[in-house]
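Novice: Following is a predicted model, sequence given first.
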Amino acid sequence: MSTPHNSAKMGDFAETVLLPGDPLRAKFIAENFLTDVVQVNGVRNMFGYTGYYKGKKVSVMGSGMGMPSIGIYCYELYAFYGVKTIIRVGSCGAYVPECKLYDIIIAQGACTNSNWAHQYGLPGTYSAIADFETLKKAYDVCQEKGYRTHVGNILSSDIFYNDQPEVWQKWAKMGCLGVEMESYALYATAASLGKKALCILTVSDSLVSKEETTAEERQTSFKQMMEVALEVA
C-alpha cells in the first residue's frame, strides 16, 4: 500500500529503519553504508532507501524537522509498513558542559514543551522513553568503539528561535543533556503502537560554550553515529 506521504509498497521497508531529519543525509547513509540499495520513497523529496548492511536488511528515510513531521513518518512506518524499530539519528545542542562537540548522546528519555501527549487523553504527564534493549545495544557499540557517549534525558522542543533565549538553563538544571526537536513524538508513537524506538544524537553545538562544529567536522562525527545505529539495526 501507499500513503499520502509514502509511495512504498508493503515489504519495501526493512523491520528496522534509521530516520535522520535531513533526507539528503538519508541519501548519504544509503550511498556510503548500504549495498544493493533501492529507493523506495520520494514523495515530497523525503527520500527513503532499503539496502543491506553487513548482510542485514536495513532501511533509511528522512523525517523532516519537528514533531509533527516525524510523527507522520514514524506512524506510517509502524502502522502501515510493518516496521518494528525506528532509530532516529540526528544532531542536538548541548545543555551541559560535560557534553562536548562531536560527543554522542543516547536519549534514554525525552522531555518536551509540546502538547504531543494530549492526544492520548492521559490524566497526567507522560514520560517518553527509549526501548531499553535497543539503547543498551547502542551503548555497548559505543563503548566497544571508544566513542565519547552520554546517556540521559533530552528536551524535544517545538521552538527553535525562542523568545526567552535563556530558558534552556531551566531544562539543564533538571538534568537534560541537550535539545532537539523530534524524539518525544517518536517515543510516544512507538509506545502507543507497541513498537521500539531509540534516538542517537551527535552534539553539533553547545549552548554552554557557544561552540559550533564545521560542516566537515559534522560529517565525521555524524558517521560515527550512523555506524552505531547500523550496528544496532
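Specialist: Here it is on my side, so go on. Here the structure is a predicted model, which means the values were calculated and not measured. Residues are numbered from 1 along each chain as shown.
Novice: use CA for all of it now, contacts and neighbours both
Specialist: Noted.
Novice: Tell me where the chain is predicted with low confidence.
Specialist: 1, 219-221 (pLDDT under 70).
Novice: what about the strands in it?
Specialist: 16-19, 35-41, 48-53, 56-61, 85-94, 104-112, 128-129, 149-156, 178-180, 196-206 (DSSP state E).
Novice: how about CSV for those strands, with distance to Trp171 and mean neighbour count added?
Specialist: Formatted as CSV, those follow (distance: least, C-alpha to C-alpha, whole Å; neighbours: other C-alpha atoms under 10 Å):
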stretch, distance to Trp171, mean neighbour count
strand 16-19, 25, 26
strand 35-41, 37, 17
strand 48-53, 34, 23
strand 56-61, 30, 25
strand 85-94, 11, 26
strand 104-112, 9, 24
strand 128-129, 16, 22
strand 149-156, 7, 21
strand 178-180, 9, 27
strand 196-206, 14, 26
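Novice: Dump those to a markdown table, plus distance to Gly71.
Specialist: Output for these, formatted as a markdown table (distance: least, C-alpha to C-alpha, whole Å):
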| stretch | distance to Gly71 |
| --- | --- |
| strand 16-19 | 11 |
| strand 35-41 | 17 |
| strand 48-53 | 16 |
| strand 56-61 | 13 |
| strand 85-94 | 12 |
| strand 104-112 | 14 |
| strand 128-129 | 14 |
| strand 149-156 | 13 |
| strand 178-180 | 14 |
| strand 196-206 | 12 |
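Novice: What separation is there between Ser183 and Phe222?
Specialist: 17 Å (C-alpha to C-alpha, to the nearest Å).
Novice: Report the central residue of this structure.
Specialist: Arg88 (2.0 Å; C-alpha atoms, centre = their mean).
Novice: what are the bridge partners for it, then?
Specialist: Leu19, Cys199 (DSSP bridges).
Novice: Now that it has come up, it's in contact with Cys199, right?
Specialist: Yes: shown here, Arg88 and Cys199 form a contact pair, counting by C-alpha atoms under 8 Å, at 4.6 Å.
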